[in-house]
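Trainee: sequence plus predicted model, see below.
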Amino acid sequence: MRADIPAIKISVLDRNSEYIKEITYGIEEEGIPYEITEENFYNIKEKAFEISQASRLSVGIAVDKEEAVIHFSKLRIDKPLFILSLDGLEKEKLRIYGSNAARLIKGIPFK
């Protein structure tokens with residue numbers, strides 16, 4: 001995706017993760033663009049906050065092997081919008097969270 005397009009920024013440890021696929025399906029259902037970067041990071045909350053600050057849409061999502069964190073740039077660094085434990089989380093719930101990240105941008109109620 002081109003860097004100048006407003007998009008939800010997503011940072012992942014593994015681009016091929018099933019978790020990330022489901023989250024992006026939810027974002028796609030809402031018609032919001034996203035940009036995925038595969039990189040190593042130490043603190044998932046800080047990474048989600050950092051990329052929300054870098055996103056022109058003010059939303060960042062970080063996903064590691066245990067959690068997904070959705071952050072909004074106007075929130076405090078230690079208070080992300082959603083923290084999801086991936087252990088046993090159903091795929092449909094991941095899709096809903098992806099949709100909700102996009103709905104934040106659209107200004108419509110969460111699912």
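Mentor: Right, received. Where do you want to start?
Trainee: which residue is nearest the middle of this structure?
Mentor: For the chain, I61 is the residue whose C-alpha lies nearest the centre (C-alpha atoms, centre = their mean; 2.5 Å).
Trainee: after the strand or helix carrying that residue comes which helix or strand?
Mentor: Assessed by DSSP states H and E, I61 sits inside strand 59-63. Following strand 59-63 in sequence order, the next helix or strand is strand 67-72 (DSSP H and E).
Trainee: packing partners for whichever helix in the chain runs longest?
Mentor: For the chain, the helix reaching the highest residue count under DSSP state H is reported as helix 91-106. Under the contact criterion of 3 or more C-beta pairs under 8 Å, 6 or more residues apart in numbering; DSSP states H and E, helix 91-106 touches strand 8-12, helix 18-29, strand 59-63, strand 67-72, strand 82-85. The way it works is simple: take the backbone N, C-alpha and C, and place the C-beta from them, glycine included.
Trainee: in the sheet, which strands lie alongside the third one, parallel or antiparallel?
Mentor: It refers to strand 59-63. strand 8-12 (parallel), strand 67-72 (antiparallel) (DSSP bridges).
Trainee: what residues does stretch 44-58 touch?
Mentor: 6-11, 32, 37, 41, 59-64, 67, 69-75, 77-78, 80, 83, 105 (C-beta atoms under 8 Å, 6 or more residues apart in numbering).
Trainee: count the neighbours of the closest residue to R95 other than its chain neighbours for me.
Mentor: Leaving aside its sequence neighbours, R95 sits nearest to G26 (C-beta to C-beta, 6 or more residues apart in numbering; 4.0 Å). Neighbourhood size, G26 [other C-beta atoms under 10 Å]: 22.
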